[in-house]
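Undergrad: Everything below, folded, please.
(chains A and B)
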Amino acid sequence: MRTERPVFLSLSPNKFHWPITALASIAHRLTGIGLFVGISFLLWLLDLALSSEGGFVEAGRVMNLPLAKLGVIFILANLVYHLLAGIRHMLMDVHVGGSFEAASLSAWIVFALSTIAVAAIGAWLW
Amino acid sequence: MVTNVTSLTRSGLADFLVQRVTAVIIALYAMCVFGFFLVNPDMSHGELIGYFGSTPMKLFSTVTVLATVAHAWIGMWTIGTDYIRQHYFGEHATAFRLFYQCGCLLVLFLYTSWALPLFWGL
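TA: This is a model prediction of the structure:
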C-alpha cells in the first residue's frame, strides 16, 4: 500500500493562518510602495524648506499641522519597517536566521522594534 | 511578442546585488539626514542650506537619488510581476502590467528631475 498519500491541506480562509514570516514579507512590500508614494511629500517639504527664508518658515508651519505630522510619521514608519526588514533580509542572505523558527522570531523582533521606533519618532515629532 | 520586461539588469542575480548595494546606500543616507534633523531641532534656514549644499552632501544626495531609482524600480517590478498577471487580472494582464511599469518609470523620472536640480541648485 502506498503510504505517501496526497495530504489534504485545508486552506479555506477561516482555517488558514498567515505565518508571521508571510506577514513580514507582505509588510516589506507594502512599506516599499508606501515609500515610493510617500517620498514625494518629503521631497516637497525639503524643496519648500530649502527654497527661501519664507519657504523655510512655511515648511515649519506645514509641519505643525496635525495631518502633515501624521503623514510624516506614517512615511517614517514605512521607512523604519522597510529598513529593519531589509536588515533581516540581508542577514538571511549570509545564512543568519534562515530556519523557520529563527525567521519567525526575527519577524516578531522587526515588528516590535518598528513599533518602538515609530512610537519614539511620533513622540519626538508631535 | 515581448510580454515581459526583464527587470533592471536582465539578470536576477545582478538585480539581487544591485538591490542590496542600493539598500545600504539609502539606509546610510536616511540615517545621516535623520540624525542631522534629530541633533538640530532649532536649525535655521541657513544651516539647512549649509548642510544639503555642501559638496559631499550634494554628491551623497545624488548617489542616493540614483540608488533609490534603481532600488524602487527593482522592487516595483518584482511586485508588479508577482501580482499583475493573468491569474488575477485576466487576459489584459500583460497590457496592464506594461502600463503599470511605464507609470513607475515615469514617477521615478519625475522624482529624479525634481531632486537633482534641487540639490545642485543650492
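Undergrad: what's the weakest-modelled helix or strand in chain B?
TA: When the helices and strands of chain B are scored by mean pLDDT, DSSP states H and E, helix B:86-89 comes last with a mean of 90.
Undergrad: in what helix or strand does the residue nearest the centre of chain A lie?
TA: Per C-alpha atoms, centre = their mean, the C-alpha nearest to the average position across chain A is that of A:Y81, at 3.1 Å. Using DSSP states H and E, A:Y81 maps to helix A:66-93.
Undergrad: for chain B, what are the nearby residues on chain A?
TA: Residues of chain A lying near chain B by C-beta under 8 Å from any C-beta of the partner chain: A:29, A:32-33, A:35-36, A:39-40, A:43, A:46-47, A:49-50, A:52-53, A:56, A:79, A:83, A:86, A:90, A:93, A:124. Bear in mind the C-beta positions are built from the backbone N, C-alpha and C, glycine included.
Undergrad: Type out the ChimeraX command that picks the buried ones from these.
TA: Command for ChimeraX that selects the buried part of those, burial taken from 16 or more other C-beta atoms under 10 Å in any protein chain shown:
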select /A:29,32,35,36,39,46,49,50,56,79,83,86
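Undergrad: May I have the phi/psi pair for the residue of chain B found nearest chain A?
TA: Going by C-beta to the nearest C-beta, chain A is nearest to B:H45 of chain B, at 3.8 Å. Here is the backbone geometry of B:H45 (degrees, to the nearest 10): phi -60, psi -40.
Undergrad: correct me, but it touches A:A49?
TA: Yes. Using C-beta atoms under 8 Å, B:H45 is in contact with A:A49, at 7.4 Å.
Undergrad: So which residues of the chain form helices?
TA: All of this is about chain A. A:20-51, A:53-62, A:66-93, A:100-125 (DSSP state H).
Undergrad: please go with chain B instead
TA: B:12-39, B:45-53, B:55-83, B:86-89, B:93-120.
Undergrad: coming back round to it: if you skip the residues just before and after it, what's nearest to the residue of chain B closest to chain A?
TA: A:F56 (3.8 Å; C-beta to C-beta, 6 or more residues apart in numbering or on different chains).
Undergrad: about what we covered before: how about the contacts made by the residue nearest to the centre of chain A?
TA: By C-beta atoms under 8 Å, 6 or more residues apart in numbering or on different chains, the contact list for A:Y81 reads A:27-28, A:31, A:110-111, A:114, A:118.
Undergrad: how about 7 Å then?
TA: A:27, A:31, A:114 (C-beta atoms under 7 Å, 6 or more residues apart in numbering or on different chains).
Undergrad: on that earlier part again, could you export the helices of chain A as CSV, including mean pLDDT?
TA: Shown next, in CSV, are the helices of chain A (pLDDT from 0 to 100):
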stretch, mean pLDDT
helix A:20-51, 97
helix A:53-62, 96
helix A:66-93, 97
helix A:100-125, 96
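Undergrad: So stretch B:65-76, near chain A or not?
TA: Yes. With C-beta under 7 Å from any C-beta of the partner chain as the criterion, chain A is reached by stretch B:65-76 at B:72, B:75-76.
Undergrad: Kindly export that stretch (C-alpha atoms) in CSV.
TA: Provided in CSV are the C-alpha atoms of stretch B:65-76 (Å, rounded to 0.1, in the frame of the first residue of the first chain):
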residue,chain,number,x,y,z
VAL,B,65,18.7,59.6,-5.7
LEU,B,66,20.2,57.3,-8.4
ALA,B,67,20.3,54.3,-5.9
THR,B,68,16.6,55.0,-5.0
VAL,B,69,15.6,54.9,-8.7
ALA,B,70,17.3,51.5,-9.2
HIS,B,71,16.0,50.1,-5.9
ALA,B,72,12.4,51.3,-6.4
TRP,B,73,12.4,50.0,-9.9
ILE,B,74,13.5,46.5,-9.0
GLY,B,75,11.1,46.5,-6.0
MET,B,76,8.1,47.8,-8.0
